[in-house]
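Chemist: Fold the stuff below for me.
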Amino acid sequence: MNVALQRQRIDKWLWAARFYKTRGLASEDLGLGRVRVNGLVCKASREVQMGDRVEWRQGSVLREVEVLGLSAQRGPAPAAQLLYRESEESVQRRAAQAEAHRLAPEPAHTLTQGRPTKRDRRDQRALTQGWNERWSASAD
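Modeler: Next comes the predicted model:
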């Protein structure tokens, strides 16, 4: 007999909806207070039901979704996408973040030279410390 779920733990739902790779990772973020259900910080044992709004930070983007369904097991991605609906603001923030990331300069391109050699480090040290400071012959 297949009984439809009325409520489900939030850590299981986040895992089944494929927002986290493991339930342990979902529980960890819940334990650190990074996930909110209907605007309230919750623990992993908090039960969600259809219609609840879940928000959390994934990377540097705040995601907001509405729970549309519950699943007792983790299924394929197309089935997981039927469990939620992402808000328009969240979609726009993710698109803006992706565009900013795409347009950001590559940090490796700012390097003009490679790693300094041993001689380069010695020369730099000699300029900053100076010979007289290191081998002082003054009678102070």
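
Chemist: Against which helices or strands is the longest helix belonging to the chain packed?
Modeler: Longest helix of the chain, by residue count under DSSP state H: helix 88-103. Helices and strands touching helix 88-103, by 3 or more CB pairs under 8 Å, 6 or more residues apart in numbering; DSSP states H and E, are strand 61-67. (Glycine included, C-beta is placed from N, CA and C.)

Chemist: Skip ahead from the strand it packs on and say which helix or strand is next.
Modeler: Towards the C-terminus, the helix or strand next in line after strand 61-67, according to DSSP states H and E, is helix 77-80.

Chemist: thinking again about what came up before, tell me the angle the longest helix of the chain makes with strand 61-67.
Modeler: Angle, helix 88-103 to strand 61-67, by axes from the mean of the first three to the mean of the last three CA atoms, to 10 degrees: 150 degrees.

Chemist: quick one: contacts of helix 88-103?
Modeler: 59-65 (CB atoms under 8 Å, 6 or more residues apart in numbering).

Chemist: in the protein, which spans are helices?
Modeler: 10-16, 23-31, 77-80, 88-103, 118-129, 131-134.

Chemist: so of these, which one's packed in deepest?
Modeler: The highest mean neighbour count among the helices of the chain, using mean count of other CB atoms under 10 Å, belongs to helix 10-16: a mean of 24.

Chemist: excluding its backbone neighbours, what's nearest residue 30?
Modeler: Distances taken as CB to CB, 6 or more residues apart in numbering place residue 44 nearest to residue 30, at 4.4 Å, with adjacent residues excluded.

Chemist: Is it correct that the one you found is in contact with residue 11?
Modeler: Yes: with contact defined as CB atoms under 8 Å, residue 44 counts as touching residue 11 (4.1 Å).
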